[in-house]
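Novice: Sequence first, predicted coordinates after that:
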Amino acid sequence: MQTGTHLDREHCVRAVQSKDARFDGWFFTAVLTTRIYCRPSCPVVPPKPENMTFHPSAAACQQAGFRACKRCRPDTSPGSPEWNRRADLVARAMRLIADGIVDREGVPGLAARLGYSTRQVERQLLAELGAGPLAVARAQRAQTARLLIETTSLPMAQIAFAAGFSSIRAFNDTVREVFALSPSELRARVPGSGAGTPGVLTLRLPFRAPLNPSNLFGHLAATAVPGVEEWRDGSYRRTLSLPYGHGIAALAPRPDHIACRLTLSDLRDLTVAISRCRRLLDLDADPVAVDERLRTDPLLAPLVDRGPGRRVPRTVDEAEFAVRAVLGQQVSTAAARTHAARLVNAHGKPLDDPEGGLTHLFPSPEALAGVDPETLAMPRTRRTTFTTLVRRLADGELRLGVDADWAEARARLLALPGFGPWTVDVIAMRALGDPDAFLATDLGVRRAAKELGLPATPAALTARAEGWRPWRAYAVQYLWATDSHPINFLPA
């Protein structure tokens, strides 16, 4: 399936007629006779092909005057996997919009972060998505508003501003235009809507099946930093540093969704919190495309068939992960957790967690830049690596966020003292989100490769892995899964 203005009509029609959920989020179907738009898997009888038009984004459908289907709720589709697979201008812009940049800084702020003019950004998004950054952000605000309307008892005025609207009138007009219902009518359609604890939201995060939760949640639980993360009552829980405040996310795997419980100090952070949780769990991935590619290698195929749908466990905070990668250099998982916990207790911001044992936010680069190196229980060379990294992150010289240019970030990381291929590649895989990052020097990967009959030396294994592009980060997950390490198993 192609994106942008080059959607293949024949493939789109076939996907709609077969109600293929794999393509939900890839494109949207607008029905000319009813003026509604749907996801490809909409359960209603498909319209005649001549009455279908196809758009690459919900924002493009809304801009063309179509309203969201009340049956399939296309606004709740998984996101397009394109934006996490690519590192070009449009993909970086979409990741930034999902992180709320347009709502906080406007289109000029978006363009400045990308290093392009406002006109260039608008032109490229319009060409590929059929909608500019303001329209995309507006569609996202509408989805956030719907969530708040249906899951909280907040007054509509509070919901309007929490969702990012500049006025109550804009909120009312957008909700009516997108959903063909007033905010009050939307709330009335949901039995028991508004019940629950103030500031706590319960929602379902969709994904493309299959999803194998074992290594995903196993990795997060086994490497959890005490006070910041924990596994409790079948959920992975962690603290979140957010633009307007802080939060706690509890995430639990279910057969057809991820159960998500968010506790937020400021509801304006809802959109960002959801985006970061989805990114953490790699929920916008296309597992069918990934697994099909990896199955072309006869030695890798049995691993894929044994546990299809593996995701790459990522992060909610790229700078935090880079710091933790340095703390984990040449030490055990338990030792890395101990080092991180000491930093958290000494320099993290405390918070209350009435429902569990979380105590702190992970310290920011600015807080860590003031750490006395002599207090760090690590070799002198690694202290230098640590202090150089946090200074570069704090002064903005090193950018690892969703707006980062992957090639530039890699080059800057490699230039830091103490940064070799393994550290750079693990940050590229889990923080930058590069789906093609490959840990050829990782001992676990090399051990698994040798047991499978794959080349075991980094150079030869890298050559063999050329056939796994552009999904080599997922191949790493399958190779790691051959080991009995706790990262590969859901906690009891």
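Specialist: Nice, I can see it.

Novice: Residue 25: neighbouring residues, count only.
Specialist: 24 (other CB atoms under 10 Å). The C-beta positions use only the backbone N, C-alpha and C, and glycine is treated the same way.

Novice: Quick one: residues contacting residue 385.
Specialist: Counting by CB atoms under 8 Å, 6 or more residues apart in numbering, residue 385 touches 326, 329, 416, 417, 418, 419.

Novice: which of those are buried?
Specialist: Neighbour-count burial (16 or more other CB atoms under 10 Å) applied to the contacts of residue 385 gives 326, 329, 416, 418, 419.

Novice: Grab the most central residue of the protein for me.
Specialist: Nearest to the mean C-alpha position of the chain, counting by CA atoms, centre = their mean, stands residue 279 at 1.2 Å.

Novice: Can you report how many residues neighbour the residue nearest to it when sequence neighbours are not counted?
Specialist: Nearest non-adjacent residue to residue 279, counting by CB to CB, 6 or more residues apart in numbering: residue 314, 5.6 Å away. Around residue 314 there are 22 other residues, counting by other CB under 10 Å.

Novice: Repeat that for residue 70.
Specialist: 12.

Novice: got it, and residue 298?
Specialist: 8.

Novice: now do residue 336
Specialist: By the measure other CB under 10 Å, the count of residues near residue 336 is 19.

Novice: Quick check: it touching residue 330?
Specialist: No. Between residue 336 and residue 330 there is no contact under CB atoms under 8 Å: 9.8 Å.

Novice: ok, back up a step: now, which of the buried ones among the contacts of residue 385 lie within helices?
Specialist: residue 326 (DSSP state H).

Novice: As CSV, the buried ones among the contacts of residue 385 with distance to residue 242 and pLDDT would be great.
Specialist: Below are these laid out as CSV (distance: CB to CB, whole Å; pLDDT from 0 to 100):
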residue, distance to residue 242, pLDDT
326, 24, 96
329, 29, 91
416, 28, 97
418, 31, 96
419, 28, 97
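
Novice: Same question for residue 393, what's its three-state structure.
Specialist: Put simply, residue 393 is helix when judged by DSSP: H, G, I helix; E, B strand; the rest coil.

Novice: just curious, which of the contacts of residue 385 is nearest to residue 447?
Specialist: Nearest to residue 447, judged by CB to CB, of the contacts of residue 385 is residue 329 at 18.7 Å.

Novice: quick one on the thing from earlier: possible to save the contacts of residue 385 as JSON lines with distance to residue 232?
Specialist: What follows is the contacts of residue 385, written out as JSON lines (distance: CB to CB, whole Å):
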{"residue": "326", "distance to residue 232": "28"}
{"residue": "329", "distance to residue 232": "29"}
{"residue": "416", "distance to residue 232": "36"}
{"residue": "417", "distance to residue 232": "38"}
{"residue": "418", "distance to residue 232": "35"}
{"residue": "419", "distance to residue 232": "34"}
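
Novice: Narrow the residues you listed to those in strands?
Specialist: The members of the contacts of residue 385 all map outside strands under DSSP state E.

Novice: Phi, psi for the residue nearest to residue 279 please.
Specialist: phi -110, psi -140 (degrees, to the nearest 10).

Novice: Columns distance to residue 307 on top of the buried ones among the contacts of residue 385, output as a markdown table?
Specialist: Output for these, formatted as a markdown table (distance: CB to CB, whole Å):
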| residue | distance to residue 307 |
| --- | --- |
| 326 | 31 |
| 329 | 29 |
| 416 | 36 |
| 418 | 35 |
| 419 | 32 |
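
Novice: Can you pick out the most distant pair from the buried ones among the contacts of residue 385?
Specialist: 329 and 416 (12.1 Å).

Novice: Against residue 208, how distant is residue 375?
Specialist: 46 Å (CB to CB, to the nearest Å).

Novice: who has more neighbours, the two?
Specialist: Comparing residue 375 with residue 208 by other CB under 10 Å, the one with more neighbours is residue 208, at 23 against 10.

Novice: Would you agree that one is in contact with residue 78?
Specialist: Yes. With contacts counted by CB under 8 Å, residue 208 reaches residue 78, the gap being 5.6 Å.

Novice: and the next element down the chain from the helix or strand of the chain with the lowest mean pLDDT?
Specialist: Lowest by mean pLDDT, DSSP states H and E among the helices and strands of the chain is helix 82-85, with a mean of 86. Going down the chain from helix 82-85, the next helix or strand is helix 89-98, by DSSP states H and E.

Novice: residues in contact with stretch 456-466?
Specialist: Against stretch 456-466 from outside (CB under 8 Å, 6+ apart): 297, 438, 440-441, 445-447, 449-450, 454-455, 472, 475.
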